[in-house]
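Undergrad: Quick one, structure for this:
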Amino acid sequence: MAHSEIPTTQKWKEIVATFLKLGLTAYGGPAIMGIMQTELQERRQWVTKERFMEGLTLVNMLPGAAATQLGIYLGYMRGGWWGGLLAGLCFVLPAFFIMLALTLFYAAFGATPLLQGALYGLGPVVLGIFLVAIYRMGRTALTNIPKITIAIVAALLLIYSPLDIVTILAVAGGTGVSLFHSKKLGILVICTIFALISAAYFATDAPSIHLSNSISTTVTPQAPGLLNVGWFFFKVGTFSFGGGLTLIAFIQAQVVDQYHWLTHQEFIDGLALGQFTPGPILMLSSYVGYKIAGIIGAAVGALAIFLPSFIIMLSVLPVLERFRNLRWMKAAMQGIAPAVIGVLTVSILQLAPHAVPDLTAGAIFCGTVIAMLAWRLATMKLLFLGALIGIIRNRWFSLPGLR
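TA: A predicted model of the protein is given here:
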């Protein structure tokens with residue numbers, strides 16, 4: 001049967017099975033997107049590398065949970081609107097139930113050596129998967145000197161300038177239009193972007209300031225309820241850019257430092273559980289919701305933070321399909337795709353000290369990269385081996401005389 005002749009219902013069943021597996025086994029926040037590239041683009045060939053890069057570019061320019069949005073994108077490409085909805089739901093739901101179970105277990109028993117060891121081994125494996133995915137996507141996106149230059153400049157701007165990811169990608173899009181379509185139009189786009197940045201900087205009602213003020217005026221830190229939890233996480237999912245790690249930093253600043261819903265230690269504990277939970281890293285919202293309002297709070301927190309991603313993606317994708325073949329859009333994508341590689345490379349550098357804290361973790365990391373490049377091992381096997389090595393190491397060093 002030809003690829004195009006597969007019945008839609010069979011595609012939906014494939015999407016459900018695939019994303020339930022990803023939701024149960026895929027770890028690592030940004031690295032999940034690398035797992036999707038390996039499993040769905042390279043192995044199953046649901047989309048071409050070019051279309052995968054388009055999806056990766058899109059989710060990096062939109063607010064919300066990037067990994068979940070990329071899953072919705074791939075499901076949409078495979079099975080239409082319902083395929084996108086099924087992909088998103090099947091990716092998020094396993095993570096919610098696992099996170100809830102871990103939260104209940106942790107509330108009853110606290111941290112265990114088994115959990116700590118598995119987390120230690122998963123970190124470098126996740127980073128290795130992420131690095132290999134960036135390398136493979138880079139071979140498609142960085143095909144000439146101008147595109148390599150865009151990637152390098154995007155990385156440097158993210159590190160050394162106050163510009164955020166969305167602005168950097170927008171400027172890269174204007175640069176792409178200038179280089180690959182119309183110089184005059186590209187320069188106009190770039191000038192317009194910087195004019196908007198300047199206006200936002202000097203305006204007292206800039207969107208980010210308005211978001212912060214609106215949250216602080218509607219939330220009562222002393223006695224937050226379900227409405228407070230839901231409204232806060234819905235705003236985070238709707239207005240926060242930069243992917244899961246950026247949103248985690250924002251959540252920490254608000255729920256710990258500003259609202260005092262959680263202590264610093266409680267938040268760190270939640271991050272640890274989030275790292276041990278497969279699926280999107282923003283499932284941390286269910287932990288926060290549980291700490292505030294129990295199981296119902298966990299459900300409200302998770303629903304509120306992911307709902308905007310579903311609304312945005314399932315509204316944007318039908319429109320994107322109509323515009324993607326326009327010459328100026330193709331040129332913009334040629335500028336944005338290399339910038340995405342530069343931004344993701346910076347993410348690798350930021351994660352490395354935490355994921356590879358010592359020589360043992362470094363060896364796991366190197367082994368993961370070699371295994372993926374030389375033998376193309378399945379990511380699930382690598383994640384399982386990493387967790388197992390971490391548990392063995394943790395037990396070995398806990399033995400008397402080896403501490």
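Undergrad: Show the contacting residues for residue 369.
TA: With C-beta atoms under 8 Å, 6 or more residues apart in numbering as the criterion, the residues that contact residue 369 are 128, 131, 132. All C-beta atoms are positioned from the backbone trio N, CA, C, and that covers glycine.
Undergrad: State the next helix or strand along the chain beyond the helix or strand containing it.
TA: Here residue 369 is covered by helix 359-370, with elements defined by DSSP states H and E. Toward the C-terminus, helix 359-370 is succeeded by helix 379-397 as the next helix or strand (DSSP H and E).
Undergrad: what residues does that following helix touch?
TA: Residues external to helix 379-397 that are found in contact with it (C-beta under 8 Å, 6+ apart): 21, 25-27, 35, 38-39, 113-114, 116-126, 128-129, 360, 364, 368, 371-372, 402-403.
Undergrad: rerun at 7 Å
TA: Residues outside helix 379-397 that contact it (C-beta atoms under 7 Å, 6 or more residues apart in numbering) are 25, 27, 35, 38-39, 113-114, 116-122, 124-125, 129, 360, 364, 368, 371, 402-403.
Undergrad: Kindly report the same for stretch 94-114.
TA: Applying C-beta under 7 Å, 6+ apart, the contact partners of stretch 94-114 are 20, 23-24, 269, 273, 276-280, 283, 286-287, 290, 295, 298, 302, 391, 394, 398.
Undergrad: Mind listing what's buried along that stretch?
TA: The neighbour-count check on stretch 94-114 (16 or more other C-beta atoms under 10 Å) flags 94, 95, 96, 97, 98, 99, 100, 102, 103, 106 as buried.
Undergrad: which one of the residues you listed is nearest residue 170?
TA: Distance ranking of the buried residues of stretch 94-114 against residue 170, using C-beta to C-beta, places residue 95 first at 30.5 Å.
Undergrad: Which pLDDT value belongs to the closest one?
TA: Predicted confidence (pLDDT) for residue 95: 88.
Undergrad: and the gap between it and residue 24?
TA: Residue 95 sits at a distance of 8 Å from residue 24 (criterion: C-beta to C-beta, to the nearest Å).
Undergrad: joint contacts of the two?
TA: residue 278.
Undergrad: most neighbours, which of the contacts of residue 369?
TA: Looking at the contacts of residue 369 with neighbours defined as other C-beta atoms under 10 Å, the largest count falls to residue 128 at 28 neighbours.
Undergrad: Would you confirm that that one contacts residue 361?
TA: No. The pair residue 128 / residue 361 is not scored as a contact, 10.4 Å apart, by C-beta atoms under 7 Å.
Undergrad: Report the set of residues contacting both of those two.
TA: With contacts defined as C-beta under 7 Å, 6+ apart, no residue is shared by residue 128 and residue 361.
Undergrad: Show me what the mean pLDDT comes to for stretch 308-322.
TA: Model confidence over stretch 308-322, given as mean pLDDT, is 87.
Undergrad: err, stretch 192-209, not the other one
TA: 65.
Undergrad: now swap in stretch 127-141 and tell me
TA: Averaged across stretch 127-141, pLDDT comes to 81.
Undergrad: Please identify the buried residues of it?
TA: Within stretch 127-141, the residues that qualify as buried are 127, 128, 129, 130, 131, 132, 133, 134, 136, 137, 138, 141, counting by 16+ other C-beta under 10 Å.
Undergrad: Let's have those residues in a markdown table, adding secondary structure and distance to residue 199.
TA: Formatted as a markdown table, the buried residues of stretch 127-141 follow (DSSP: H, G, I helix; E, B strand; the rest coil; distance: C-beta to C-beta, whole Å):
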| residue | secondary structure | distance to residue 199 |
| --- | --- | --- |
| 127 | helix | 39 |
| 128 | helix | 43 |
| 129 | helix | 41 |
| 130 | helix | 36 |
| 131 | helix | 38 |
| 132 | helix | 41 |
| 133 | helix | 37 |
| 134 | helix | 34 |
| 136 | helix | 39 |
| 137 | helix | 34 |
| 138 | helix | 35 |
| 141 | helix | 31 |
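Undergrad: In TSV: those, plus distance to residue 260.
TA: What follows is the buried residues of stretch 127-141, written out as TSV (distance: C-beta to C-beta, whole Å):
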residue	distance to residue 260
127	33
128	38
129	36
130	34
131	38
132	41
133	38
134	38
136	44
137	41
138	43
141	43
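Undergrad: which intervals of the stretch 101-250 of the chain have sub-threshold pLDDT?
TA: Low-confidence segments of the stretch 101-250 of the chain, defined by pLDDT under 70, span residues 110-112, 200-201, 203-223, 239-250.
Undergrad: And the helices in it?
TA: In the stretch 101-250 of the chain, the segments counted as helices under DSSP state H, counting those that start in this stretch are 113-141, 145-160, 165-180, 183-202, 207-218, 226-239, 243-252.
Undergrad: could those be laid out in JSON lines, adding distance to residue 57?
TA: As requested, these are exported to JSON lines (distance: least, C-beta to C-beta, whole Å):
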{"stretch": "helix 113-141", "distance to residue 57": "9"}
{"stretch": "helix 145-160", "distance to residue 57": "12"}
{"stretch": "helix 165-180", "distance to residue 57": "7"}
{"stretch": "helix 183-202", "distance to residue 57": "16"}
{"stretch": "helix 207-218", "distance to residue 57": "22"}
{"stretch": "helix 226-239", "distance to residue 57": "20"}
{"stretch": "helix 243-252", "distance to residue 57": "13"}
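Undergrad: In contact with the spatially closest residue to residue 34 that is not a sequence neighbour: list those residues for me.
TA: Of all residues not flanking residue 34 in the chain, residue 133 sits nearest, at 2.7 Å (C-beta to C-beta, 6 or more residues apart in numbering). Applying C-beta under 7 Å, 6+ apart, we find residue 133 in contact with 33, 34, 37, 38.
Undergrad: want to throw those into JSON lines with neighbour count, distance to residue 256 and secondary structure?
TA: Formatted as JSON lines, the contacts of residue 133 follow (neighbours: other C-beta atoms under 10 Å; distance: C-beta to C-beta, whole Å; DSSP: H, G, I helix; E, B strand; the rest coil):
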{"residue": "33", "neighbour count": "29", "distance to residue 256": "27", "secondary structure": "helix"}
{"residue": "34", "neighbour count": "27", "distance to residue 256": "29", "secondary structure": "helix"}
{"residue": "37", "neighbour count": "25", "distance to residue 256": "34", "secondary structure": "helix"}
{"residue": "38", "neighbour count": "20", "distance to residue 256": "35", "secondary structure": "helix"}
